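A.B. asks: mind folding the following:
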Amino acid sequence: MPVTWNIDGSILLVTLLGTCGDEVTTALNAAMADSAFKRGMSLLLDVRRCTHDPTSDDFRQWAISLAARRAKGLSARCAVVIGPRAYDYGVARMGAAYLDNKGIHMGIFTSLDEAIRWLEPNATAGPVTE
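C.D. replies: A predicted model of the protein is given here:
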């Protein structure tokens, strides 16, 4: 399965592997329907092993989908862990811009541990800004 999810404390971790499409939506729906999901949980997307190169329209649709999930309890704060390619950072910034327009703040990280620390309550660590 190219998309997996698990809940750890106040964080919903969704991991994308290979080429992912509608599986992301399916995984988010399943996670949010699980009894372990609690209102206010933050989303952490790990896309380091995703081989799909999303388009601008993909990000626009993604932002609309995540914004709709806020009403169902997803936090307005999410994080994405990207790989080392410059392209990864560029498309993550595009995604952050779309999400910002929907009232969701996305931090961009290259380390899973840093992203988790940033999403934890009372976090002080900052996202990648380079």
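
A.B. asks: ok now the helix or strand that contains D46, how far from the chain's centre?
C.D. replies: D46 is part of strand 41-50, with elements assigned from DSSP states H and E. In terms of CA atoms, centre = their mean, to the nearest Å, the centre of strand 41-50 is found 4 Å from the chain centre.

A.B. asks: helices and strands around it, which ones?
C.D. replies: strand 11-18, strand 74-81, helix 112-119 (3 or more CB pairs under 8 Å, 6 or more residues apart in numbering; DSSP states H and E). Placement of C-beta: from N, CA and C, glycine included.

A.B. asks: format the ones you listed as CSV; extra columns: mean neighbour count and mean pLDDT.
C.D. replies: Output for those, formatted as CSV (neighbours: other CB atoms under 10 Å; pLDDT from 0 to 100):
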stretch, mean neighbour count, mean pLDDT
strand 11-18, 20, 91
strand 74-81, 21, 94
helix 112-119, 19, 96
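
A.B. asks: and these as CSV, adding distance to R60?
C.D. replies: Converted to CSV, the helices and strands packed on strand 41-50 look like this (distance: least, CB to CB, whole Å):
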stretch, distance to R60
strand 11-18, 18
strand 74-81, 16
helix 112-119, 23
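
A.B. asks: report the inter-axis angle for the helix or strand of the chain with the lowest mean pLDDT versus strand 74-81.
C.D. replies: Least confident helix or strand of the chain, by mean pLDDT, DSSP states H and E, is helix 56-70 with a mean of 83. Per axes from the mean of the first three to the mean of the last three CA atoms, to 10 degrees, the angle that helix 56-70 makes with strand 74-81 is 140 degrees.

A.B. asks: okay, the angle between helix 56-70 and strand 41-50?
C.D. replies: Computed by the same axes, to 10 degrees, the angle separating helix 56-70 from strand 41-50 equals 150 degrees.

A.B. asks: buried set for helix 56-70?
C.D. replies: Using 16 or more other CB atoms under 10 Å as the test for burial, helix 56-70 gives D58, F59, W62, A63, L66, A67, R69.
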